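>>> fold the stuff below for me.
(one chain, ligands or ions: 2)
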Amino acid sequence: MIKVKNLHKYFKDLHVLKGIDLEVKSKEVVVILGASGSGKSTLLRCLNYLEVKDEGEIWFEDTKVDPVHIKLNKVREDIGMVFQHFNLFPHKTVIENIIEAPIIVRKLEREEAIQQGMELLEKVGLADKAHVYPEKLSGGQKQRVAIARSLAMNPRALLFDEPTSALDPELVGEVLNVMKELAQEGMTMVVVTHEMGFAREVADRIVFLDNGVIAEESTPEQFFTNPQSEKARQFLGKVL
Ligand code: ADP
Ligand code: MG
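Numbers count the residues shown, from 1 in each chain. Ligands and ions are numbered 1, 2, ... in the order given. Model prediction:
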């Protein structure tokens, strides 16, 4: 579904992604691991053109993703993104947060958008919060709303950039559970996370980034029990 070929990204002199090759199949859950600064966020952001790559190709299904071949807003509809900080609109209620983009971008009727939004809130366990403002929610609830908001665009794939890193530990599980459910339903997902339990349990594949290159790519079983690279062994020694 997503194919990345020889992707390079620089920030001025800093060579952040150094030739990434990556494929994500439909319904696959790929977890990207790596130390802070290894390029995980930059890679995700390049996938839906929040950052502009310097070299290489990105394909989504049969379309080359670049400003010449495709409308970037279309890519961002097809490939949704969930961030560490939820970025909900503070002056809008939960349901208003969710229906805004479907009405403006997908041109849904308000009634239809509300109905779909309520179903999504049901799905993330927050139907009773539809009419409250984000400030009344816990971090875990805000992140679940943010996931519902992404789903409201009917994305073909979802990218998650450390979706639980800003949460108090007791709130992490409720967000991971929603993500696990999405994975089980067959959502194609690329997830950057430091939650090793989630990675091990839910990932179909682990991609380990080290200093802008993929140092290792394997099944969770292999990665966590018998990593092949020294860098991965060092990383696991620190995080486990
Ligand atoms: P990770 O998500 O793995 O922690 P990032 O992709 O955020 O890593 O960052 C990789 C490197 O690129 C880091 O050295 C970071 O400081 C640098 N970087 C990231 N974004 C920018 C930016 N907008 N401008 C300059 N440098 C950046
Ligand atoms: Mg990051």
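
>>> for the longest helix along the chain, name the packing helices and strands.
For the chain, the longest helix by residue count, based on DSSP state H, is helix 169-184. Here helix 169-184 touches helix 139-151, strand 188-192, helix 196-202, going by 3 or more CB pairs under 8 Å, 6 or more residues apart in numbering; DSSP states H and E. (Each C-beta comes from the backbone N, C-alpha and C, glycine too.)

>>> show me what the shortest one pairs with in its sheet, parallel or antiparallel.
On the basis of DSSP bridges, the sheet neighbours of strand 188-192 come out as strand 29-34 (parallel), strand 157-161 (parallel).

>>> mean pLDDT, mean neighbour count and distance to ligand 2 added to these, as a markdown table?
Output for those, formatted as a markdown table (pLDDT from 0 to 100; neighbours: other CB atoms under 10 Å; distance: least, CB to the ion, whole Å):
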| stretch | mean pLDDT | mean neighbour count | distance to ligand 2 |
| --- | --- | --- | --- |
| strand 29-34 | 98 | 24 | 9 |
| strand 157-161 | 98 | 24 | 6 |
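
>>> the helices in the protein, which residues?
40-47, 72-78, 94-104, 110-123, 139-151, 169-184, 196-202, 220-225, 230-239.

>>> out of those, nearest to Val24?
helix 40-47 (8.9 Å; CB to CB).

>>> and the direction of the closest one versus that of strand 188-192, what angle?
Interaxial angle, helix 40-47 versus strand 188-192 (axes from the mean of the first three to the mean of the last three CA atoms, to 10 degrees): 150 degrees.

>>> any part of helix 40-47 near ligand 1?
Yes. Helix 40-47 lies within reach of ligand 1 by CB under 6 Å from any ligand atom, at Lys40, Ser41, Thr42.

>>> filter those to the buried ones?
Among the residues of helix 40-47 next to ligand 1, those classed as buried by neighbour count (16 or more other CB atoms under 10 Å) are Lys40, Ser41, Thr42.

>>> out of these, which are close to ligand 2?
Here is what survives when these are matched to ligand 2 using CB under 5 Å from the ion: Lys40, Ser41.

>>> is it possible to export the buried ones among the residues of helix 40-47 next to ligand 1 to TSV including pLDDT?
Shown next, in TSV, are these (pLDDT from 0 to 100):
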residue	pLDDT
Lys40	98
Ser41	98
Thr42	98
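
>>> closest to Asp128 among the buried ones among the residues of helix 40-47 next to ligand 1?
Closest to Asp128, out of all of those and judged by CB to CB, is Ser41, at 33.2 Å.

>>> measure that closest one to Gly34 for me?
10 Å (CB to CB, to the nearest Å).

>>> give me the residue from this structure nearest ligand 2.
Ligand 2 sits closest to Ser41 of the chain, with a gap of 3.2 Å, by CB to the ion.

>>> how about the least confident helix or strand in the chain by mean pLDDT: buried residues?
The weakest-scoring helix or strand in the chain, judged by mean pLDDT, DSSP states H and E, is helix 72-78 (a mean of 86). Within helix 72-78, the residues scored as buried using 16+ other CB under 10 Å are Val75, Arg76, Glu77, Asp78.

>>> can you count the residues close to Ala90?
One correction, residue 90 is Pro, not Ala. 9 (other CB atoms under 10 Å).

>>> show me the contacts for the residue lying closest to it once chain neighbours are set aside.
Of all residues not flanking Pro90 in the chain, Pro134 sits nearest, at 5.6 Å (CB to CB, 6 or more residues apart in numbering). Counting by CB atoms under 8 Å, 6 or more residues apart in numbering, Pro134 makes contact with Phe86, Leu88, Phe89, Pro90, Lys92, Val94, Asn97, Lys142, Val145.
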